[in-house]
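Peer 1: Please find the sequence and the predicted model below.
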Amino acid sequence: MSRTRIPVSSSSARLWLKASPKGKRSGFTVLSDGAGGRVTVAVLPKPWSETGQSVYEYVHVPGSTTHVTTFETGVVAINSSVNALGSLAMSLADISAVNSDLLTIGDASAHLVDTVSTLGDPFGHLVDLMLLAERGSLTDRPLNFEGTFVPSLLRLLAHERLLRTVEDLIFRARPRYVEQTELLGIPRGRLDAKSLLLSINTGFPQVESTFDELSTDTPILQIVASALRVVASDRLPPKISELRPRLQSRAIQLLRHLSTVTLIDRERALLLAEAIWVGPFDQIWKPAIDAAVPVLQEWAVSPEGGSENTEAVAMQISTEKFWEQCLELALRSAFGLVAVSSDGNAGNGVSVPAPWDMARASSDPPSEPRTGSFPDFMFRARHRTIVADAKYKLGIGSAPGSSDGYQLFAYSHLATLNGTSSDLAVLLYPARQGEPNRHTELKRLRDFSYPLWLVRLPFPRTSDIRNQQRWNLYIANLANQLRIFADEWCSNRHDITEQ
């Protein structure tokens, strides 16, 4: 990718786009240019960016497809004809009615832009977004996607995930010994007793034999071939399939390499995939099995709003909610019982009364008006009660933002867990890729007796979500880091600590 710096005052017509203006949504959308072309925009989680936000300009030729990739809160400029930009703006207005938090019209607030002359391909990032939502689920169902055409778009991504995985492995397929049972004129292996007696008594020249045969027709490759056949024969809406036109031809090409593998029906392949044990010599194929399952399941997530008949093509993921779920998994692993509050409902044993109450006579019964606002987590560590809040924000300095500071100030006075007041508060932020884990201690004014810790923890990298083993390792490492930090939170030291 080549980039050159040019001033914003260039005479070229531009449409400025602001990705995830609230900084809490990742996703994907498709804008029509009115000339048969389109601009796709992939919005990625901001912690995946290794540097601060840059402003990029993409040159779009009307009638063609331009892929734009940016991060939450990022700004991009689309350089094209006036008519095409008008159509893109109208398409964005239609999509914003359903996905207003994903992409909006921006302004020329940056003085310089980086011109991107080589168009990127967002589908690897989109597969990562799909995996991110799968890993983030704390229930039996995937994390909700929102938007129109979501089931079809997720189906497309499931196909892409399978093809990319198999393409990396197809030439590493090796024959394995497979148990076979056949009627043989020259017996080998284990002979069936009944068949042997029948052959002796009747003179039938064949005996049923069970033996090991070196073959590529293994259960693993049967599962993969069955899933590839589903991709090759699947029919997606044209609006979706045109985003990735070569999927079916790629699946057919891979099936040709597996021509010696028995094609079993989809239902049988799914049952086999869910029950199969992958041995140590076949572990490289575990990602392929994981990718084949959603294809064989015909898995899709229903949209929360909108109609499949609309022209809008968009999906979005709440990355703020995903970060909370990562922390919940790690906190439960590190400290056991954790009271989790969500959707305005207090966690088990959590109480936060309102800071002010109506004046009452001394004879009136006591009351505890509730605020409706609760900390994300409350838990016990080393006999200390801790109140913690997840914040999906980057670039936090030596003090929290004003709203976060006042919120934790109120919790420090009011929040209780099973009737016990908290001993300290923690704000849990994601760190940008490449940044170290660290925490900073502050003291509550005016008594300086109550600590607040600002904690930066690793956000999952793309490699952490590619398979279940890496995801489990990420959660384990996050839990271990929380335990290490908690030892300092709960110590009697009063100085400021950074690691």
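Peer 2: Arrived safely.
Peer 1: that's a helix at residue 316, yeah?
Peer 2: No: Residue 316 is assigned strand when assessed by DSSP: H, G, I helix; E, B strand; the rest coil, not a helix.
Peer 1: burial count for it?
Peer 2: Here the count is done by other Cβ atoms under 10 Å, and residue 316 has 26 residues near it. For the C-beta atoms, the positions are set from N, CA and C on the backbone; glycine is no exception.
Peer 1: my guess is it meets residue 25, correct?
Peer 2: Yes: here residue 316 reaches residue 25: they are 4.8 Å apart, a contact under Cβ atoms under 8 Å.
Peer 1: quick one: what helix or strand has the most centrally placed residue in the chain in it?
Peer 2: Taking Cα atoms, centre = their mean, the centroid of the chain lies closest to residue 132, which sits 1.2 Å from it. Using DSSP states H and E, residue 132 maps to helix 123-135.
Peer 1: which residues of the stretch 201-350 of the chain score low on pLDDT?
Peer 2: Within the stretch 201-350 of the chain, the stretches with pLDDT under 70 are 299-312.
Peer 1: for it, what spans make up the helices?
Peer 2: Remark: helices assigned in the stretch 201-350 of the chain by DSSP state H, counting those that start in this stretch are 219-233, 238-241, 247-257, 266-275, 286-297, 319-335.
Peer 1: Flag every buried residue along the third one.
Peer 2: The reference is to helix 247-257. 247-248, 250-251, 254-255, 257 (16 or more other Cβ atoms under 10 Å).
Peer 1: could the residues you listed go into CSV alongside distance to residue 171?
Peer 2: Formatted as CSV, those follow (distance: Cβ to Cβ, whole Å):
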residue, distance to residue 171
247, 20
248, 21
250, 15
251, 16
254, 11
255, 15
257, 8
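Peer 1: Check those against residue 281 and report the nearest one.
Peer 2: Using Cβ to Cβ, residue 257 comes nearest to residue 281 of the buried residues of helix 247-257, at 19.9 Å.
Peer 1: so that closest one makes contact with residue 172?
Peer 2: No: between residue 257 and residue 172 there is no contact under Cβ under 8 Å: 11.3 Å.
Peer 1: rewinding a little: can you name the residues that contact the residue nearest to the centre of the chain?
Peer 2: Listed by Cβ atoms under 8 Å, 6 or more residues apart in numbering, the contact partners of residue 132 are 26, 45, 317, 319, 322, 460, 465.
Peer 1: Return the distance of it relative to residue 24.
Peer 2: 14 Å (Cβ to Cβ, to the nearest Å).
Peer 1: Likewise for residue 406?
Peer 2: 20 Å.
Peer 1: what about these two, which has more around it?
Peer 2: When residue 406 and residue 24 are compared for neighbours, residue 24 comes out ahead with 22 against 11, by other Cβ under 10 Å.
Peer 1: Tell me who's in contact with the closest residue to that one other than its chain neighbours.
Peer 2: Leaving aside its sequence neighbours, residue 24 sits nearest to residue 320 (Cβ to Cβ, 6 or more residues apart in numbering; 4.1 Å). Neighbour list for residue 320: 24-25, 392 [criterion: Cβ under 8 Å, 6+ apart].
Peer 1: Return the subset of these lying in strands.
Peer 2: Among those, the residues falling in strands (DSSP state E) are residue 25.
Peer 1: In contact with the residue lying closest to residue 183 once chain neighbours are set aside, which residues?
Peer 2: The shortest distance from residue 183 to any non-neighbouring residue, by Cβ to Cβ, 6+ apart, is to residue 206 (4.3 Å). With contacts defined as Cβ under 8 Å, 6+ apart, residue 206 is in contact with 183-185, 199.
Peer 1: now the residues you listed: which count as buried?
Peer 2: So, by 16+ other Cβ under 10 Å, the buried ones in those are 184, 199.
Peer 1: so which of the contacts of residue 206 comes closest to residue 438?
Peer 2: residue 184 (68.8 Å).
Peer 1: so what's the nearest residue to that closest one once chain neighbours are set aside bridging to?
Peer 2: Of all residues not flanking residue 184 in the chain, residue 209 sits nearest, at 4.8 Å (Cβ to Cβ, 6+ apart). Residues in a beta bridge with residue 209, per DSSP bridges, are residue 182, residue 191.
Peer 1: For residue 209, list the residues it contacts.
Peer 2: Going by Cβ under 8 Å, 6+ apart, residue 209 touches 181-184, 187-192.
Peer 1: Now these in JSON lines, please, with extra columns for pLDDT and distance to residue 330.
Peer 2: Shown next, in JSON lines, are the contacts of residue 209 (pLDDT from 0 to 100; distance: Cβ to Cβ, whole Å):
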{"residue": "181", "pLDDT": "79", "distance to residue 330": "49"}
{"residue": "182", "pLDDT": "78", "distance to residue 330": "53"}
{"residue": "183", "pLDDT": "81", "distance to residue 330": "57"}
{"residue": "184", "pLDDT": "79", "distance to residue 330": "57"}
{"residue": "187", "pLDDT": "78", "distance to residue 330": "59"}
{"residue": "188", "pLDDT": "78", "distance to residue 330": "55"}
{"residue": "189", "pLDDT": "77", "distance to residue 330": "51"}
{"residue": "190", "pLDDT": "82", "distance to residue 330": "51"}
{"residue": "191", "pLDDT": "84", "distance to residue 330": "56"}
{"residue": "192", "pLDDT": "81", "distance to residue 330": "54"}
